[in-house]
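*Asks:* Next comes the sequence, and after it the predicted model I'd like to discuss.
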Amino acid sequence: MTTKLHQLAKPAMAIAAFILLLATTTTTATAHLNNGQDLLTGHSLPMQSSLAHQFFALAAEQIAISNQTASTGLLTPSNTYGNKAYNDDLCDRDVARIRDAIANMEEWALEFPDTWGRLPVGFFWGHLISMGQYEECVAASSTYGDEIRGQYCLTRLNITQFYSQVRRRNEETSTARISYKQTDPQIFELGVCVPSTCSAEKTDLLLKYAIEHFYGTDYVNLTEQMVSESWCKYDAPIEFRGVDIFAIVFFSLIVFFMIASSIYDFVQTRNGGQKKPLYLAFSVLHNAPKIFTVKQVNSPNVIHCLNGLRCFSMMWVVFGHGYMTFYDLPHINRNIYYAWLETPYSMLVQNGSLCVDTFFFMSGLLMCWGAFREMERTKGKLNIPMMYFHRYIRLTPVVAVVVLYIMSLYKYSGAGPMWFKLGTQDARCADTWWATLLYVQNYAFPYSICVSQSWYLAVDTQLYFLSPLFLIPLWKWGKKALIPIVIFGLLCLGCTVATFLHNDFTLFRVQDDHVDLRQRLTYYPTHTRIPTWLIGVIFGYFLFTRNRGRQIPLAKHWVITGWVLAFGTMLADLWGPYWRILPHTPDSPLIEGALFEPLSRSSWAFAIGWIVWACYNGHGGLINDFLSWSFFTGFSRLTYCMYVIHRIVQLVNAARLQTDTHFSDYDAILRWWHDFGITLTLSIFATLAFEAPILGIEKAIFGRGDSKPAPKKPAPVDQPKAASEPLQEPVPATTDAEKVSEIEPAISRAANPSNA
């Protein structure tokens, strides 16, 4: 590992040379500026030689030159850029005032260069950003009558010219390959602080002039724009838009309804009065026990181990997405990431998308199970329009609230250098929000999905709408309907294989030159997810018709064999491709990736199927006891809201950073706990404020959920009931939370850790 890290580091001699160049050019620039009359204090200061301090003297010099040669037309007065008011004449005045105040050692003026980032900064280890001090800059102000305010800009310096001259360590003899492509750094991001009256265009010209004096034109490319108006911010009064006011009023009303409903519940309980269900919909006193009170229901219609699978998969989701966000942070040792990618531990993230298939399997299983229970009660009839309506009305409110937050209050949730880079979710929602609410975003806008992880909601909802095509034939014709269903699933598998071969997709998407295209064609589309979902449907069919209410005995050696095969399959799916990412391993042939991608998803679903079957039939032992732990029952009621909310929490937490970070697994786990805790807290509120009230309102209006008591789970029998034999036992009663966990697909309680 030590050798590998040294190979990743760039030559120390190059660093020394660059620092020497900075010192030399600084001395030259200082001599050029002084010419017998020091523009600062007349004597040397520890900070005097920095670009940040010399910028204002050099900028004033450039302004003077431009004013004398106005015919060049480089700097012209300006008025408004975007939503900010600028004036280049006032900018000239403010730059000169700051220069003079720095020379007089006035504190307010020294804050301007004090907030700049510094060069150079060890970008040979991937530290390609020096943010400076954002808050100090935007708070900076002068003591003049006409106040001078600070404006922070995150500039982008093209350093390809400098890096192209660096001779790499052992580059003549090294044959090592890093599977994840590590490219030469192109952009160094530098935080600067200038007067708020200076436009981005003018700041760009002044910064280029200063850099040219410091570094010349051999090391920094001055032909590209360095300063962008969208990456500049100063402290301006907040002007609420219409959507912002609507969001504030909406969330305030929700809180009011929760308080009023809770007071009504408390008063009626104290007085012993009758309660109206509709008035209880928002009551925290009424809804909270449904989430946190756990009662073990000994019912053949409850598969308890699914709660544990759902909760662990949700934690895997937050873990995987957390690493994706963690990579984008301003690490001082970012290049270590490339060494980390070659560790076995990293496969939990690189191949973490397998938990998507856990949820699609559970979705298909619960879809079939719930629909068959409904058709059993209605003698084979399925109210399809009402089924669609209940699905949409139960899932959409939480999603709609998150979309509303992103489009309104999200922009006020943070600020700073990283917010320019990561706080852009609202821009993605501007034109695509409607597709998210219609659950078609995976096809309509695969490259700019509003709520990035919601592609899974779209796929699962589309499968829900297609489900009658499979459920009704299974109910009517039983095993005869399995043949066309299996053939259809195999055709979808073949479609994924053909897509890989046609587009030259390789085993790991990191080896692809078309990562986004691969996501759009093989990850987001519904037809590529149908095989795993159909495995769940078929498994649910056999579990319901042959296994419900009974435990099928199995010899101990067959039980052990089943568990070994299941765990072996999961380990092979998760770590099987590991050797392909090692430096000296040859690239995988196209056919290998084309077969592994769809088959690993399906085999993973079969392994999950064994876990569910074994636990349901009493062959799970300690594994079943753990997965069926009552704690997971309560936790699983929060997982849907956690899934919808967690990415926003991660992005806000990451985008608010204003200091450098350090890449390591320990730091990533600390951040995981941080994100997970905030997500859990917000999910409790979202469940009480949106999800639970919708269930209560639905029940009050439609009267769903009243049925007969549930029978206890029968003891094991020797043989399963024939598929054609009708099931006569009554449909059990369940609580609202239990009803959702049984009937609704797995998406209503969890989601996947896909790439956003």
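*Replies:* Alright, I've got the coordinates. Numbers count the residues shown, from 1 in each chain.
*Asks:* Can you spell out which residues form a bridge with S141?
*Replies:* Bridge pairing for S141 (DSSP bridges) gives the partners R149.
*Asks:* got the contact list for it?
*Replies:* S141 makes contacts with W108, E147, I148, R149, G150, as judged by C-beta atoms under 8 Å, 6 or more residues apart in numbering. C-beta coordinates here come from the backbone N, C-alpha and C atoms, glycine included.
*Asks:* Could you identify which of these has the most neighbours?
*Replies:* Using other C-beta atoms under 10 Å as the neighbour test, these are led by G150, with 25 neighbours.
*Asks:* From L205, how far off is the closest residue in space to that one that isn't next to it in sequence?
*Replies:* Leaving aside its sequence neighbours, G150 sits nearest to A140 (C-beta to C-beta, 6 or more residues apart in numbering; 3.4 Å). According to C-beta to C-beta, to the nearest Å, A140 stands 22 Å off from L205.
*Asks:* These two: who's more crowded?
*Replies:* Taking neighbours as other C-beta under 10 Å, A140 and L205 compare with A140 leading, 27 against 21.
*Asks:* backbone phi and psi for that one, please?
*Replies:* Main-chain dihedrals, A140, degrees, to the nearest 10: phi -70, psi 140.
*Asks:* Ok, T585 next?
*Replies:* phi -80, psi 130.
*Asks:* and it, what pLDDT?
*Replies:* Looking at T585, its pLDDT is 78.
*Asks:* Roughly how far does it sit from M347?
*Replies:* Counting by C-beta to C-beta - T585 and M347 are separated by 14 Å.
*Asks:* okay, which residue is most central for this structure?
*Replies:* In the chain, the C-alpha nearest the mean C-alpha coordinate belongs to R647, at 3.9 Å (C-alpha atoms, centre = their mean).
*Asks:* tell me the least confident of the contacts of S141?
*Replies:* Within the contacts of S141, lowest confidence goes to E147 (84).
*Asks:* Helix, strand or coil: sort out it for me.
*Replies:* Under DSSP: H, G, I helix; E, B strand; the rest coil, the three-state class of E147 is coil.
*Asks:* ok, it - contacts?
*Replies:* When contacts are counted by C-beta under 8 Å, 6+ apart, E147 touches S141.
*Asks:* Please report how far it lies from R93.
*Replies:* Noted for E147: a distance of 12 Å to R93, by C-beta to C-beta.
*Asks:* can you check Q453 too?
*Replies:* Q453 sits 49 Å away from R93, going by C-beta to C-beta.
*Asks:* which one of those two has more residues nearby?
*Replies:* More crowded of Q453 and R93, by other C-beta under 10 Å: Q453, with 21 against 17.
*Asks:* still on that earlier bit, quick one, which of T585 and M347 is more surrounded?
*Replies:* Higher neighbour count among T585 and M347: M347, with 16 against 12, using other C-beta under 10 Å.
*Asks:* helix or strand right after the one helix or strand the more buried one maps to?
*Replies:* Remark: M347 resides in helix 347-350, with elements defined by DSSP states H and E. Sequence-wise, the next helix or strand downstream of helix 347-350 (DSSP H and E) is helix 354-377.
*Asks:* which helices and strands does that next one pack with?
*Replies:* Packing partners of helix 354-377 (3 or more C-beta pairs under 8 Å, 6 or more residues apart in numbering; DSSP states H and E): helix 305-327, helix 455-466, helix 468-477, helix 530-542, helix 590-616, helix 736-743.
*Asks:* Pipe those helices into CSV and attach mean pLDDT, mean neighbour count and distance to Q296 per row.
*Replies:* Shown next, in CSV, are the helices and strands packed on helix 354-377 (pLDDT from 0 to 100; neighbours: other C-beta atoms under 10 Å; distance: least, C-beta to C-beta, whole Å):
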stretch, mean pLDDT, mean neighbour count, distance to Q296
helix 305-327, 94, 22, 11
helix 455-466, 96, 22, 28
helix 468-477, 94, 17, 29
helix 530-542, 96, 25, 22
helix 590-616, 94, 21, 14
helix 736-743, 34, 20, 11
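*Asks:* Same list as before, these that is, but in TSV and with distance to I238 included.
*Replies:* Formatted as TSV, these follow (distance: least, C-beta to C-beta, whole Å):
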stretch	distance to I238
helix 305-327	27
helix 455-466	32
helix 468-477	50
helix 530-542	46
helix 590-616	47
helix 736-743	40
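*Asks:* between those helices, which gets nearest to M131?
*Replies:* helix 305-327 (17.1 Å; C-beta to C-beta).
*Asks:* and the angle for the closest one with helix 590-616?
*Replies:* For helix 305-327 against helix 590-616, the angle between stretch directions is 140 degrees (axes from the mean of the first three to the mean of the last three C-alpha atoms, to 10 degrees).
*Asks:* what separates helix 305-327 from the chain centre, distance-wise?
*Replies:* Helix 305-327 sits 11 Å away from the centroid of its parent chain (C-alpha atoms, centre = their mean, to the nearest Å).
*Asks:* Next: stretch 367-385.
*Replies:* Chain-centre distance of stretch 367-385: 36 Å, with C-alpha atoms, centre = their mean.
*Asks:* any chance you could map the helices in the stretch 151-300 of the chain?
*Replies:* Secondary structure of the stretch 151-300 of the chain (DSSP state H, counting those that start in this stretch): helices at 160-163, 200-215, 242-271, 284-292.
*Asks:* of all these, which has the lowest average per-residue confidence?
*Replies:* With a mean of 83, helix 160-163 has the lowest mean pLDDT of those.
*Asks:* Give me the contact list for it.
*Replies:* Applying C-beta under 8 Å, 6+ apart, the contact partners of helix 160-163 are F18, D184, P185, Q186, D218, Y219, V220, N221.
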